[in-house]
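>>> build me a model:
(one chain, ligands or ions: 1)
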Amino acid sequence: MRRALITGAAGFLGSHLCDRFIKEGFHVIGMDNLITGELRNISHLFKLEHFEFYHHDVSKFVFVPGKLDYILHFASPASPIDYLKIPIQTLKVGSLGTHNLLGLAKVKSARILVASTSEVYGDPLVHPQKEDYWGNVNPVGPRGVYDEAKRFQEAITMAYHTYHKLETRIVRIFNTYGPRMRLNDGRVLPTFIGQALRNEPLTAYGNGTQTRSFCYVSDLIEGIYRLLMSDYHLPVNIGNPAEITINEFAEEILKLTGSQQKVIHTDLPQDDPKQRQPDITLAKKILGWEPKVPRSEGLKTTLDYFKTLTPEELTNSKAKFA
Ligand code: UDP
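Residues are numbered from 1 along each chain as shown. Model (predicted):
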């Protein structure tokens, strides 16, 4: 039986990856330190014979007994308010954590895929963003702790590929949404849906003309799975090119939820990228992949998930580390 280690297993993407690898017939070892992940995302897997869970911080030495065929490194705080509150852990998991997992991949002769991000492009001066764009990142700004950790992650992963001949894969993930996002993670979709369900105004930062391109989680997982199984070792963008302004997005959420509230404008966070859209020509070419789920459908499923939260969970919109 093929065995896969998934770090960040209790997080939004990690938990969906665990589901996918179980479905594909793998023995899955999930690992998470539960700083931002939540056990309820994977509680349905605990009864399975071929799922195990290690409560562990991958920034410290990682040991897993037995053979490993694949490692997927998805552990990291990933929303701006999270990495502003735990900046050092964010830097460590992207750097020390990646180093530990590359070392583990080397001793196990496992193929490793690391989760990189559109944040490596920073506030991009090229639009849409292609993989050969080197980015526009402020290393000492608030987002630097995440962006630079991920850029270091790409560099060390390439070094292990080049110098140790390790089989490596790098996915650059653009904004993704779906069930199991944390309501209080500060990202725009859970924030807007939470505000709409609590009958509060929606807070668009700045003038709301900044853009993002939102990919539904099932499309993203399919792209990641295909990339892992491919023989391509350079970074690949996975995301949905359907670009929208934050103002338009707020209007969509108001319509979807039937909220009568309005959109208010508050301060724009420092270094907030003005535009973001993946160029997915490469993914289409080498993986035969493109997103299939339109926003109208994905948002409906996501709203249905948030509606299953208890009123108490809905009211508690405070950030986890406040
Ligand atoms: N945003 C917003 N209101 C909110 C939360 C976020 O207008 O309550 C904006 C944020 O400034 C950014 C975009 O929505 O321009 C996406 O933010 P998010 O935190 O989801 O992720 P990012 O793409 O910036 O990493």
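
>>> what segments of the stretch 1-150 of the chain are helices?
Listed in chain order, the helices of the stretch 1-150 of the chain (DSSP state H, counting those that start in this stretch) span 12-23, 80-85, 87-92, 98-108, 144-164.

>>> any idea how many residues pack against residue 141?
15 (other Cβ atoms under 10 Å). For every residue, glycine as well, the C-beta is placed using N, CA and C.

>>> ok so, going back, what's the most buried one of the helices of the stretch 1-150 of the chain?
When the helices of the stretch 1-150 of the chain are scored by mean count of other Cβ atoms under 10 Å, the highest mean neighbour count falls to helix 12-23 (a mean of 23).

>>> packing partners of that one?
strand 3-7, strand 27-32, helix 217-229 (3 or more Cβ pairs under 8 Å, 6 or more residues apart in numbering; DSSP states H and E).

>>> now that helix: average pLDDT?
For helix 12-23, mean pLDDT is 98.

>>> how far does that helix sit from the chain's center?
12 Å (Cα atoms, centre = their mean, to the nearest Å).

>>> residues contacting that helix, please?
4, 6-9, 28, 30, 32, 37, 41-42, 45, 48, 50-51, 72, 74-75, 78, 115, 173, 176, 178, 180-182, 217-218, 220-221, 224-225 (Cβ atoms under 8 Å, 6 or more residues apart in numbering).

>>> can you select the buried ones from these in PyMOL?
Buried members of the contacts of helix 12-23, defined by 16 or more other Cβ atoms under 10 Å, are picked up in PyMOL with:
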select buried, resi 4+6+7+8+9+28+30+32+37+41+42+45+51+72+74+75+78+115+173+176+178+180+181+182+217+218+220+221+224+225
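
>>> ok, residue 75 - contacts?
Applying Cβ under 8 Å, 6+ apart, the residues near residue 75 are 7, 8, 11, 14, 31, 32, 33, 58, 93, 97.

>>> got these as CSV, with distance to the ligand columns?
Shown next, in CSV, are the contacts of residue 75 (distance: Cβ to the nearest ligand atom, whole Å):
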residue, distance to the ligand
7, 20
8, 17
11, 15
14, 18
31, 24
32, 21
33, 22
58, 22
93, 17
97, 20
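
>>> and the stretch 101-250 of the chain, which residues reach the ligand?
Within the stretch 101-250 of the chain, the positions near the ligand by Cβ under 6 Å from any ligand atom are 175, 186, 187, 188, 191, 203, 204, 205, 210, 212, 246.

>>> do that again at 8 Å, thanks
Applying Cβ under 8 Å from any ligand atom, one finds that the stretch 101-250 of the chain approaches the ligand through 118-119, 143, 175, 186-189, 191-192, 195, 202-206, 208, 210, 212, 246, 249-250.

>>> show me which of those residues are buried.
118-119, 143, 175, 186-189, 191-192, 195, 202-204, 208, 210, 212, 246, 249-250.

>>> for stretch 96-107, what does the pLDDT average out to?
98.

>>> using CSV, list the CA coordinates for that stretch.
As requested, the backbone C-alpha atoms of stretch 96-107 are provided in CSV (Å, rounded to 0.1, in the frame of the first residue of the first chain):
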residue,chain,number,x,y,z
LEU,A,96,13.0,24.8,9.2
GLY,A,97,9.9,22.8,8.7
THR,A,98,10.6,22.4,5.0
HIS,A,99,14.2,21.5,5.7
ASN,A,100,13.1,18.8,8.1
LEU,A,101,10.6,17.4,5.5
LEU,A,102,13.2,17.4,2.7
GLY,A,103,15.5,15.5,5.0
LEU,A,104,12.8,13.0,5.7
ALA,A,105,12.0,12.7,2.0
LYS,A,106,15.7,12.0,1.3
VAL,A,107,16.1,9.2,3.9
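
>>> which other residues reach it?
5, 7, 57-64, 68, 71, 73, 75-76, 110-112, 114, 152-153, 156-157, 160, 164, 166, 168.

>>> what about the strands in the stretch 51-200 of the chain?
Along the stretch 51-200 of the chain, counting by DSSP state E, counting those that start in this stretch, strands occupy 51-55, 70-73, 111-117, 168-173, 176-177.

>>> for those strands, which one ends up most surrounded?
strand 70-73 (a mean of 26).

>>> that strand packs against which elements?
By 3+ Cβ pairs under 8 Å, 6+ apart, strand 70-73 packs against strand 3-7, helix 98-108, strand 111-117, helix 217-229.

>>> mind redoing it with 7 Å?
Applying 3 or more Cβ pairs under 7 Å, 6 or more residues apart in numbering; DSSP states H and E, one finds that strand 70-73 contacts strand 3-7, helix 98-108, strand 111-117.

>>> wait, residue 77 touches residue 87, no?
No - in terms of Cβ atoms under 7 Å, residue 77 does not count as a neighbour of residue 87; the distance is 8.9 Å.
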